[in-house]
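>>> Just the structure for this:
(one chain, ligands or ions: 2)
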Amino acid sequence: MPQKAWWKEAAVYQIYPASVCDLNGDGIGDIPGILSKLDYLESLGVDVVWLCPVYESPQVDMGYDISDYRAIHAPYGTVQDVDQLIAALHKRGMKLVMDLVVNHTSDQHAWFKESRSSLDNPKRDWYIWRKPRWDAEGNRQPPNNWASVFGGSAWSFDEETGEYYLHLFCKEQPDLNWENPDVAQAVHDVMTFWLDKGVDGFRMDVINFISKTPGLPDAPVTIPDQQFQPAELHYADGPRLHEFLRGLRGILDKYNAFAVGEMPGVKEEAEVLKSVAEDRKELNMIFQFDIICLDNGRNNKFFPKEWSLPKLKAIVHKWQTCMFDNSGWNALFLENHDQSRSVSRFTPHRPENRNAAAKMLATFMGMQAGTLFVYQGQELGMANLPKDWGIDEYKDVETQNLYRLALEQHRGDPDGAEKVMDQVRLKARDHGRSPMQWNTQKHGGFTTGTPWMRVNEDYLHCNAEQQQRDPSSVFAYWQRLLRLRKQHADTFVYGSFELLAADDPAVVCYRRVHASAGAATVVLNFTDGEYAWEAPPGVVKAWEGARRILANYAEPGEIRKHSAAVVCLRPFEAVVLLEERKMC
Ligand code: TEU
Ligand code: CA
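Ligands and ions are numbered 1, 2, ... in the order given. Next up, the predicted model:
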């Protein structure tokens, strides 16, 4: 049985500050706007708010390029506004988690400006500088073949000092050199600054990228038709990662603060456990990427990849049982600001079944063991941007870069442009970044000005105000789900996990079992059609006898008995059946 902790039972609501609520009419969401929505968050039933970066930033990558860790990006507000947010959340018994982006800074950060100013500047070694390589023709080349996550080389040349600097993301996001102990110290100081203000913890951006393979060797060539190669092998989970994480933990422990690490590219159980197993004293949990990379194809995410339900189930089973058996903990998420909307991506549906699909996905994730992360708008079943929007509506630097790269790679294919656009429509980060849809007023009530990004036109029938009034809405379903999870925490938070019907192509079925509190069975139809499911006998018994504590259809479904019992599931039907133990 996992040890109990507040953060295991918590539901975290992720906020993308630019897109929540614009209170002063400049078209950009702001912290006062967030403050005006705390009643809404409290009524949803979440416990923690994770605020994406609000620090001073040139906004090349929407605030993930920070130029001052102790100042707030002016359009979002001031440090005093954050103080107020902390106080207002604490007054409600809620907590605030800030984003900590310390693999890299902005190139406009004072540290980098100093670093690039001369070869012997004391901050030179705070970033990763290397001399050029020269090819056989005498052309200057980057120091190695690593590709940036956003496409192209991970190195940029600095004319002034004649060296390249490393940037795993945009060229405006130079990587910090964690080999220099002053860098770790500076990061610890930033953490202390915010923890002293009362922040309850951090979500740590690409935190497993901070230790690189010494010598920065070339990555193996895995994409032969591309000059620069994926190099996670050399920068994800490097040799000193866990030493650095324990350093961060030292600061967190002084405040009993919480940490969730974002860790793209870690797939091995043993490696993940090093970061999250309780006795390791590193992080509370990490974001693991298996599910959200399920449909990313060759070369980059704008190439398609078929995925199947058994594959998805195998991933869930792997991480659910791994954490239970090894005193680790999962962070449960299907959406964030880097992903498209789950209802569009994982459950292609007819329009009339959209809400059922959104509720089914909520159930799928919400009944698993782990800390639950809800991304703004997910609680309304917000969907991807309309299909007829052109590439110009997509503002994200990753979308624009990878789109161009994918087009190049489809050179000569007359359908290339359309193929790439199909993937953009399915997976671009922009889908998760469009403004919140509050009501039926212009721009969905997000702003009285001109929104920085166009509001999804479906706000007229998908918005918070209508859903708050409607007991059959996706919002009301999430409210129930979050309440039930708390009420039956022994089963849903701490219980064991058992996957049934692992190979069924349409149904997800799992059981959560707690020795004394009881057991629950979750049945989910992942298809847009009716499905006659030959259910295992135990499930049939539960279906007939147990209490339906959560369901996305009002009336129970029918069971037909032929040779075996067949449960007739309706499109995207979701049912949670609870067998409570009788107390004697
Ligand atoms: O994301 C890290 C990351 O790996 C993403 O680039 C992700 O894989 C990709 O966007 C999926 O399409 C973090 C932040 O969450 C992201 O917003 C930042 O752009 C990135 O780091 C750089 O800070
Ligand atoms: Ca504003």
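>>> how about the closest residue to V507 other than its chain neighbours, what does it touch?
Nearest non-adjacent residue to V507, counting by CB to CB, 6 or more residues apart in numbering: W533, 5.2 Å away. (Each C-beta comes from the backbone N, C-alpha and C, glycine too.) Taking CB atoms under 8 Å, 6 or more residues apart in numbering as the contact definition, W533 lies against 501, 504, 506-507, 523, 525, 566-569.
>>> Return the members of these classed as buried.
Those of the contacts of W533 that meet the buried threshold are 501, 504, 507, 523, 525, 566-567, 569, by 16 or more other CB atoms under 10 Å.
>>> Could I get those residues in CSV, plus columns for distance to Q479 and secondary structure?
Listed next are the buried ones among the contacts of W533 as CSV, based on distance: CB to CB, whole Å; DSSP: H, G, I helix; E, B strand; the rest coil:
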residue, distance to Q479, secondary structure
A501, 29, coil
D504, 30, coil
V507, 26, strand
V523, 21, strand
N525, 23, strand
V566, 33, strand
V567, 27, strand
L569, 24, strand
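>>> near ligand 1, from those?
Filtering these for proximity to ligand 1 by CB under 6 Å from any ligand atom leaves nothing.
>>> Write out the residues of this protein neighbouring ligand 2.
Residues of the chain lying near ligand 2 by CB under 5 Å from the ion: 22, 24, 26, 28, 30.
>>> Closest one to ligand 1 out of those, please.
The closest of those to ligand 1 turns out to be I28 (CB to the nearest ligand atom; 17.1 Å).
>>> Can you tell me the SS state at the residue lying closest to that closest one once chain neighbours are set aside?
In this structure, I28 finds its nearest non-sequential neighbour in P75, 4.6 Å apart by CB to CB, 6+ apart. Taking DSSP: H, G, I helix; E, B strand; the rest coil as the rule, one finds P75 in the helix state.
>>> how much space is there between P75 and D30?
Using CB to CB, to the nearest Å, P75 is found at 6 Å from D30.
>>> From the contact counts, what lies against the helix or strand of the chain with the lowest mean pLDDT?
For the chain, counting by mean pLDDT, DSSP states H and E, strand 559-561 ranks last in confidence among helices and strands (a mean of 75). Contact analysis of strand 559-561 by 3 or more CB pairs under 8 Å, 6 or more residues apart in numbering; DSSP states H and E lists helix 537-545, strand 565-569 as its packing neighbours.
>>> which other residues reach it?
Identification of contacts with strand 559-561 by CB under 8 Å, 6+ apart yields 532, 540, 543-544, 565-568.
>>> Check the gap between K387 and H90 for me.
According to CB to CB, K387 and H90 sit 43 Å apart.
>>> more neighbours, those two?
More crowded of K387 and H90, by other CB atoms under 10 Å: H90, with 13 against 10.
>>> Do any residues in stretch 19-32 lie close to ligand 1?
No: contact between stretch 19-32 and ligand 1 is absent, the nearest approach being 13.2 Å (criterion: CB under 6 Å from any ligand atom).
>>> first vs last residue of that stretch, how far apart are they?
In stretch 19-32, first residue to last residue: 13 Å (CA to CA, to the nearest Å).
>>> Go through it and flag the buried ones.
Going by neighbour count (16+ other CB under 10 Å), the buried part of stretch 19-32 is 19-23, 27-32.
>>> Likewise for stretch 311-323?
The neighbour-count check on stretch 311-323 (16+ other CB under 10 Å) flags 312-313, 315-316, 319-323 as buried.
>>> with the residues you listed in mind, which one is nearest to ligand 1?
Comparing the buried residues of stretch 311-323 against ligand 1 with CB to the nearest ligand atom picks out I315 as the nearest, at 16.5 Å.
>>> Ramachandran angles for the closest one?
For I315, the backbone dihedrals (degrees, to the nearest 10) come out as phi -60, psi -50.
>>> quick one on the thing from earlier: between the helices and strands packed on strand 559-561, which has the poorest average model confidence?
For the helices and strands packed on strand 559-561, mean pLDDT drops lowest on helix 537-545, to a mean of 86.
>>> angle of that one against strand 565-569?
Inter-element angle recorded for helix 537-545 and strand 565-569: 60 degrees (by axes from the mean of the first three to the mean of the last three CA atoms, to 10 degrees).
>>> I'd like to check what contacts the helix or strand just after helix 537-545. Which residues are they?
Using DSSP states H and E, the helix or strand that follows helix 537-545 in sequence is strand 547-551. Residues from elsewhere that reach strand 547-551 (CB under 8 Å, 6+ apart): 363, 477, 480-481, 484, 488, 520, 556, 573-580.
>>> Sheet-wise, list the partners of strand 547-551 with their directions.
Sheet pairing of strand 547-551 (DSSP bridges) gives strand 574-580 (antiparallel).
>>> Kindly export the partner strand (C-alpha atoms) in PDB.
Extracted in PDB, the C-alpha atoms of strand 574-580 (Å, rounded to 0.1, in the frame of the first residue of the first chain):
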ATOM      1  CA  ALA A 574     -18.000   5.000 -19.400                       C
ATOM      2  CA  VAL A 575     -19.100   3.300 -16.200                       C
ATOM      3  CA  VAL A 576     -17.500   3.000 -12.800                       C
ATOM      4  CA  LEU A 577     -18.800   0.200 -10.600                       C
ATOM      5  CA  LEU A 578     -18.100   0.200  -6.900                       C
ATOM      6  CA  GLU A 579     -18.100  -2.800  -4.600                       C
ATOM      7  CA  GLU A 580     -17.800  -1.500  -1.100                       C
END
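>>> List the buried residues for that strand?
For strand 574-580, a neighbour-count test (16+ other CB under 10 Å) marks 574-579 as buried.
>>> quick check, V102 in a helix?
No: looking at V102 with three-state DSSP, it is coil, so not inside a helix.
>>> Now for it: which residues touch it?
Counting by CB under 8 Å, 6+ apart, V102 makes contact with 176, 187, 190, 204-205, 207, 210.
>>> try it again with 7 Å
By CB atoms under 7 Å, 6 or more residues apart in numbering, V102 lies in contact with 176, 187.
>>> Show me where this structure dips below the pLDDT cut-off.
Applying pLDDT under 70 to the chain flags the ranges 562-563, 582-584.
>>> Can you pull up the most central residue in it?
Of all residues in the chain, the one closest to the mean position by CA atoms, centre = their mean is N336, 3.7 Å from it.
>>> out of the contacts of W533, what pair is the most spread apart?
Within these, A501 and C568 form the most distant pair, 15.4 Å apart (CB to CB).
>>> What is the nearest of the buried residues of stretch 19-32 to ligand 1?
Looking across the buried residues of stretch 19-32 and measuring by CB to the nearest ligand atom, the closest to ligand 1 is S19, at 13.2 Å.
>>> got the residues of this structure near ligand 1?
Counting by CB under 6 Å from any ligand atom, the chain sits next to ligand 1 at 61, 64, 101, 149, 169, 205-206, 262, 264, 301, 337-338, 398, 429.
>>> Now restrict these to buried residues only.
By 16+ other CB under 10 Å, these give 61, 64, 101, 149, 169, 205-206, 262, 264, 301, 337-338, 398, 429 as buried.
>>> what sits against A565?
A565 neighbours (CB under 7 Å, 6+ apart): 535, 540, 559.
>>> before we move on, back to that, secondary structure class for the residue nearest to V507?
Taking three-state DSSP, the label given to W533 is strand.
>>> Nice, that's everything, thank you.
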